[in-house]
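Novice: One predicted model, sequence on top.
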Amino acid sequence: MTARFEPPAVQDNPTGWGPNTIPSQYKDMPYQPFSKSDRIGKVADWTGVTYSDRRHTNKYASQFQGGQQYSYYHEEDESSFQLVDTSRTTRPMYGRGRGRGNFRGRWNSVKPMQSNQMQVLSKAQKIKERNRLMQVQKWQKQNAGRVNYQRQAPIKSREASVTVKPDWTVIEEMDFPRLSKLALPNIDDPKDLIQAGSLEYYDKTYEKVNVKTEKPLQRIDRIFHTVTTVDDPIIRRLVKSETEANVFVTDSILSTLMCATRSAYSWDIVVEKINNKVFFDKRENTEFDLLTVSETSTEPPQDEGNSLNSPRNLALEATFINHNFSQQVLKMGEDRYKFPEDNPFHDPDEEGEVCSVGYRYRKWSLGNNLVLVCRCEVDAIQQGTNNDPQFLNIKALNEWDSRHSGGIDWRQKLDQQKGAVLANELKSNNCKLGKWTVQAILAGVDYIKFGYVTRYNVKDSGRHVILGMQQFKPTDFAQQINLNMDNAWGIVRCILDIVMQKKDGKYLIVKDPNKALLRLYDIPDNTFDSEDSEDSSDEDGDLDAPLRA
């Protein structure tokens, strides 16, 4: 009997070839695609890194890449699972047999000592270890005092220069980024109206002073007047004679406004508008005329109370140094260069000698019907190459403690690296140097001379020595310190435009103590009048009372 042939059931697959259903015996069985052209390596390659030779990396690789069909997945908690690294650690480059001579493999031949074994040191090793510990202790002592200087202390919240009253109204807030973008170009040269006072000649022997031939700073008892705008008799006269002038100010007040964007400390300026004329003034008995120290430093002085290096005591010291230094470098006792008019603030009955100072009352046209009159100060005079007179402004840069003011010791650096010393001063006293430069440009002096004065002893603020001199042309120095007079005049014009739109009255410009911001307040007309009445009864507090060096 012949075998019976039963043909299998053929499945129709309209979308391709092959079966379209899975037989029951192959159900739920993982499948990894392969190609007949793939080379067969090991039957089971669990690591995937069997072929470490780069030439054979892809020799046995499938064209379908490795699948995840046979990967193991643990569905329970894996918090107790840890991966153990069983790969071999690579040896360092040295010691691989590439050394010279007997050095082959020396560094790696020594086995590390087990931690549970005691190390026995020889006598020589004990001495070496003891010396090492002594050196470490020495370094720790040397660096102990430097740690505090490297850590930047947080800057304390400063107080405002004036207490803002509840009845004061904020008219305008001017932030420094906007002010720094202002510009008023093409300001014409000023016109001299009146010149008063007398000047002494500069002593050129001080040009030879250096660190090795330092000179002690002397105390010179002379009178320095710091009269504000409305109390100046010549300005009162010019208000009547110069009918077109409608803005009156002194150089110290004007330079503060022009360099407002450089300032960090708080200050305030009184603005009085009377009959469409504007007077910029300062309050009585304030620290407006004191010179700031390290105002723009990354770590400004923050000592409080009667500390030698508190901001107020440093400002008093800097002002004291400038008064004495500006007179010491002159030929005292000789004939003076006299301006047409006498010093308007000198009282013949007053005891004491008036300092060498000249006042130049100058007029600028700012456009928009604004004509500004400013009282500018000149400190001294010298003979030029053709015996022509050259006006000077003399200022003193003072060092108080190099460890707290940039880390540059003047006695070591000044003679060889005077530029580095000046750059550090520009960083720490950017506002003060800017105001000095503006005052020199406004006064029209030929040169501005800087003296370098330091403490005789870092812990004594009463004795100082002169270490050197340096001079610049004001316009050239302004370029070096990135001072733009177009921007300076733009700030003044911006403030004047705001004030001119307001009614007659009294206003106050205040620099915010902790923000880069100016505020313009509308204040009552009798503000600060109570202070005036109290001060008038006290002769020592009178504004006209001069400062003595």
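Specialist: Cool, got the structure.

Novice: Test my guess that K506 contacts I523.
Specialist: Yes. Here K506 lies in contact with I523, judged by Cβ atoms under 8 Å, at a distance of 5.4 Å. Any C-beta I mention is one placed from the backbone N, CA and C, and that applies to glycine too.

Novice: Just after the helix or strand V453 falls within, pick out the following helix or strand.
Specialist: Using DSSP states H and E, V453 sits in strand 447-457. Using DSSP H and E, the helix or strand that follows strand 447-457 towards the C-terminus is strand 460-472.

Novice: quick one, that next one and strand 447-457 angle?
Specialist: 150 degrees (axes from the mean of the first three to the mean of the last three Cα atoms, to 10 degrees).

Novice: which helices and strands does whichever helix or strand comes after strand 460-472 pack with?
Specialist: The helix or strand immediately downstream of strand 460-472 is helix 474-480, counting by DSSP H and E. Helix 474-480 is packed against helix 430-443, strand 447-457, with contacts defined by 3 or more Cβ pairs under 8 Å, 6 or more residues apart in numbering; DSSP states H and E.

Novice: again, 7 Å this time
Specialist: Helix 474-480 is packed against helix 430-443, with contacts defined by 3 or more Cβ pairs under 7 Å, 6 or more residues apart in numbering; DSSP states H and E.

Novice: May I have the helix it packs on exported as CSV, CA atoms only?
Specialist: Provided in CSV are the C-alpha atoms of helix 430-443 (Å, rounded to 0.1, in the frame of the first residue of the first chain):
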residue,chain,number,x,y,z
ASN,A,430,38.5,106.1,40.5
CYS,A,431,36.0,108.7,41.6
LYS,A,432,38.5,111.0,43.4
LEU,A,433,41.0,111.0,40.5
GLY,A,434,38.1,111.6,38.1
LYS,A,435,37.0,114.7,40.1
TRP,A,436,40.5,116.0,40.3
THR,A,437,40.9,115.7,36.5
VAL,A,438,37.6,117.4,35.8
GLN,A,439,38.5,120.3,38.2
ALA,A,440,41.8,120.7,36.4
ILE,A,441,40.1,120.8,32.9
LEU,A,442,37.5,123.2,34.1
ALA,A,443,40.1,125.5,35.6
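
Novice: Now do that helix: which elements does it pack against?
Specialist: Applying 3+ Cβ pairs under 7 Å, 6+ apart, one finds that helix 430-443 contacts helix 251-258, strand 370-378, strand 389-399, strand 447-457, helix 474-480.

Novice: Can you tell me what sits against the shortest one?
Specialist: It stands for helix 474-480. T437, A440, I441, V445, I448, M485 (Cβ atoms under 7 Å, 6 or more residues apart in numbering).

Novice: top helix in the protein by residue count?
Specialist: As assigned by DSSP state H, the longest helix anywhere in the chain is helix 123-144.

Novice: and which of the contacts of helix 474-480 is nearest to P23?
Specialist: Nearest to P23 among the contacts of helix 474-480 is M485, at 95.3 Å by Cβ to Cβ.

Novice: List the buried residues in the strand holding V453.
Specialist: Burial within strand 447-457, assessed by neighbour count using 16 or more other Cβ atoms under 10 Å, is assigned to Y447, I448, K449, F450, G451, Y452, V453, T454, R455.

Novice: Adding pLDDT and distance to Q135, write these out as TSV.
Specialist: Listed next are the buried residues of strand 447-457 as TSV, based on pLDDT from 0 to 100; distance: Cβ to Cβ, whole Å:
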residue	pLDDT	distance to Q135
Y447	94	53
I448	95	50
K449	94	49
F450	94	44
G451	93	44
Y452	93	38
V453	93	40
T454	92	34
R455	90	34
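
Novice: Farthest-apart pair in those, please.
Specialist: Y447 and R455 (26.8 Å).

Novice: D251 touches L442, doesn't it?
Specialist: Yes. Checked against Cβ atoms under 7 Å, the pair D251 and L442 is within contact range at 5.2 Å.

Novice: shared neighbours of these two, which are they?
Specialist: Common neighbours of D251 and L442 (Cβ under 7 Å, 6+ apart) are C374, C376.

Novice: between those two, which one's more packed in?
Specialist: When neighbours are counted by other Cβ atoms under 10 Å, L442 comes out ahead of the other of D251 and L442, with 25 against 22.

Novice: Enumerate every residue touching the more buried one.
Specialist: Applying Cβ under 7 Å, 6+ apart to L442 gives the contacts D251, L254, C374, C376.

Novice: Apply 8 Å and report the result again.
Specialist: The contact partners of L442, taken as Cβ atoms under 8 Å, 6 or more residues apart in numbering, are P190, D251, L254, S255, R362, C374, C376.

Novice: Which pair in the residues you listed has the greatest spatial separation?
Specialist: Among the contacts of L442, P190 and S255 lie farthest apart (Cβ to Cβ), at 14.6 Å.

Novice: So which of the two has more stuff around it?
Specialist: Taking other Cβ under 10 Å, P190 and S255 do not tie; S255 has more neighbours (24 against 19).

Novice: just to revisit the earlier point, most neighbours out of the contacts of helix 474-480, which is it?
Specialist: Counting neighbours by other Cβ under 10 Å, A440 comes out on top of those with 30 neighbours.

Novice: Now that residue. Nearest residue, chain neighbours left out?
Specialist: P474 (4.0 Å; Cβ to Cβ, 6 or more residues apart in numbering).

Novice: Counting neighbours, what do you get for Q327?
Specialist: Neighbour number of Q327 under other Cβ under 10 Å is 23.

Novice: residues in contact with I220?
Specialist: Listed by Cβ under 8 Å, 6+ apart, the contact set of I220 reads H323, N324, Q327, Q328, M332, A549.

Novice: where along the stretch 151-300 of the chain do the strands fall?
Specialist: With DSSP state E, counting those that start in this stretch, the ranges of strands along the stretch 151-300 of the chain come out as 169-175, 191-199, 215-216, 222-224, 247-250, 268-274, 277-281.

Novice: in its sheet, what does the fourth one sit against?
Specialist: This means strand 222-224. In the sheet, strand 222-224 lines up against strand 353-354 (parallel), strand 547-548 (antiparallel) (DSSP bridges).

Novice: Now do the buried residues in stretch 248-266.
Specialist: 248-266.
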